[in-house]
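>>> A predicted structure for the sequence below; I have some questions about it.
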Amino acid sequence: MIDILVYLFENYLPDACPEPAVLAKKLSAAGFGNDDITAALSWLDGLAGEDSGRCSSPLVEGAVRIYNDEELERLPAACRGFITFLEQHDAVDAPLRETIIERALALPDAEVSLDRLKVIVLAVIWRYRHEVDALILEELLVEDSDDEELGVDEEFTRVLFN
């Protein structure tokens, strides 16, 4: 599913994605499997549902984020630390942080790797057209583990921020 998200970011602007039925056909023609397509479209639908305000609960700027048991289990310390890093460097605000966490937990993975979290952060930034400092973007594009199939490349960067 992550490879489909990267494909979409490389090939479509956030407002120019086709309707889900058309998109499913295009993804199938591009060689993606039906199960992966269904999972990716469902994940994107959850991201699209966040349009109005991105977070329904009141958030206090500067407040410390306390992770619940499921979040602690599924988001390892490296992921939680990276989210904190993004927030401390003003790359994301509290509502965007909550959207990132919610979308990470929407993955079927028992534990979300840091590389997958970075793709999720890029997806959320792409969706909301949130501006990010070049150094933070570089950090997002660095692979930290063996998830080489993610394939986030220069073309993705160009599409995302141009």
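Yep, it's here.
>>> what about the residue most central in space within the chain, distance to W43?
Nearest to the mean C-alpha position of the chain, counting by Cα atoms, centre = their mean, stands I120 at 1.6 Å. For I120, the distance to W43 (Cβ to Cβ, to the nearest Å) stands at 9 Å. Every residue, glycine included, has its C-beta placed from N, CA and C.
>>> what sits in contact with each of the two?
Common neighbours of I120 and W43, counting by Cβ atoms under 8 Å, 6 or more residues apart in numbering, are 103, 107.
>>> So, low pLDDT: which residues of the chain?
Counting by pLDDT under 70, the chain shows low-confidence ranges at 13-15, 49-62, 143-162.
>>> For the residue at the greatest distance from the centre of the chain, grab phi and psi.
Ranked by distance from the centre of the chain (Cα atoms, centre = their mean), the top residue is A29, with 23.8 Å. Dihedral pair for A29: phi -60, psi -30, per degrees, to the nearest 10.
>>> buried sites along stretch 3-12?
Under the neighbour-count criterion of 16 or more other Cβ atoms under 10 Å, stretch 3-12 has 4-10 buried.
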